[in-house]
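Predicted coordinates and the sequence they were generated for:
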Amino acid sequence: AAHLDGQRNFSNQLAGIDLRWRFDRGSTTSAYAQMVGEDEAGHFPSRNMLLAGADTRVPMAHGSLRLFAEWSDTLAGRITSNPRPAAAYRHSVYRQGYTHEGVVLGHAQGGDVGLASLGGVYREGVWAAVMVASAGRAEPTSQLFAPGRVAGLSTSLRWAVHAHGSQVGAQWVWWRDTAQRRHALQLWWQAPLW
C-alpha cells in the first residue's frame, strides 16, 4: 500500500491518459486512444491497459449517425510484454475489486480480455439509439468470462422526456463465451434531483 502523510493508503488508484485526433479542422473522422495504468512504478502508471479506435460521422438527411471501430485490452501490462494476469480492476485489500454489486466499474468486459467492437450511435431530436457488436478472447484469469472466445451484442434506446434532463431508456445485452450464454434487459428512468 502507498503511504500518504505517514498513513497507509489502501485505495485502488488508477491513472490514465486519453487522446483524440481529428484528421483536419472540419473533419467528421477521428482516431482516439486511452491508456490506463493498473499499478505505479517510479511515480508513473504501469501495468497499462489499452483502448484504441476510430469513429466517423455519416451524413444523413435526418438525425446524425456516428460509426466506430475499437480495440480494447484489459490484461494489465500486455502492451509492454510484461503481462500481469488477475490485476486489472482487482485489489488485494478489497476482494470484490473495482466493482459495484458485481459489475465492473472500468470497461464493461472486465479484466483480462481482448475485445474488438464495431458500433453505431444514432441521434435524432429527443431519441438516441446505440448498437455494438463485439468479439474477442478471454484469458483464464478473466473476471467475467470463461477462457477462450467471447462474443457480444448490446443495443439501447433513450428518450429525453423533458428539457430539464428527465430520460427513460432500455438496454438489452447478450454475451456468449465457451461456457455459457447470458442476456439482460434493463429499463431505466433518470431525473434531476433539483
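Structure's in. What do you need?

Can you give me the neighbour number for residue 192?
Neighbour count of residue 192, defined by other Cβ atoms under 10 Å: 9. Yep, even glycine has a C-beta here, placed from its N, CA and C like the rest.

ok, residue 150 touching residue 175?
Yes - applying Cβ atoms under 8 Å, one finds residue 150 in contact with residue 175, separated by 7.0 Å.

When those two are compared, which one has more neighbours?
Neighbours per residue (other Cβ under 10 Å) separate residue 150 from residue 175, with residue 150 holding more: 22 against 19.

And that one, which helix or strand is it part of?
Assigned by DSSP states H and E, residue 150 falls within strand 148-160.

Could I get the buried residue list for that strand?
For strand 148-160, a neighbour-count test (16 or more other Cβ atoms under 10 Å) marks 150, 152-154, 156, 158, 160 as buried.

Determine which two of those residues are furthest apart.
For these, with distances taken as Cβ to Cβ, the pair at the greatest spread is 150 and 160 (32.9 Å).

For the protein, which segments count as strands?
2-4, 7-9, 15-22, 29-41, 44-58, 64-73, 99-100, 103-104, 113-124, 127-138, 148-160, 167-176, 181-190 (DSSP state E).

May I have the beta-bridge partners of residue 30?
Under DSSP bridges, the beta-bridge partners of residue 30 are residue 22, residue 55.

buried stuff in stretch 20-36?
Neighbour count says stretch 20-36 has 30, 32, 34-36 buried, by 16+ other Cβ under 10 Å.

And the residue nearest to the spatial centre of the chain, how far from residue 51?
By Cα atoms, centre = their mean, the chain has its centre lying nearest to residue 107, at 3.0 Å. Look at residue 107 and residue 51: by Cβ to Cβ, to the nearest Å, they are 7 Å apart.

Overlap in contacts, these two.
Residues touching both residue 107 and residue 51 (Cβ atoms under 8 Å, 6 or more residues apart in numbering): residue 72.

Let me know whether residue 112 touches residue 143 as I believe.
Yes - with contact defined as Cβ under 8 Å, residue 112 counts as touching residue 143 (6.7 Å).

Among those two, which residue is more densely surrounded?
Legend: neighbour count by other Cβ under 10 Å for residue 112 and residue 143, higher for residue 112 (29 against 22).

Excluding covalently adjacent residues, which one is nearest to the more buried one?
The shortest distance from residue 112 to any non-neighbouring residue, by Cβ to Cβ, 6 or more residues apart in numbering, is to residue 139 (4.0 Å).

Can you check what pLDDT the model gives the one you found?
Residue 139 is assigned 94 on the pLDDT scale.
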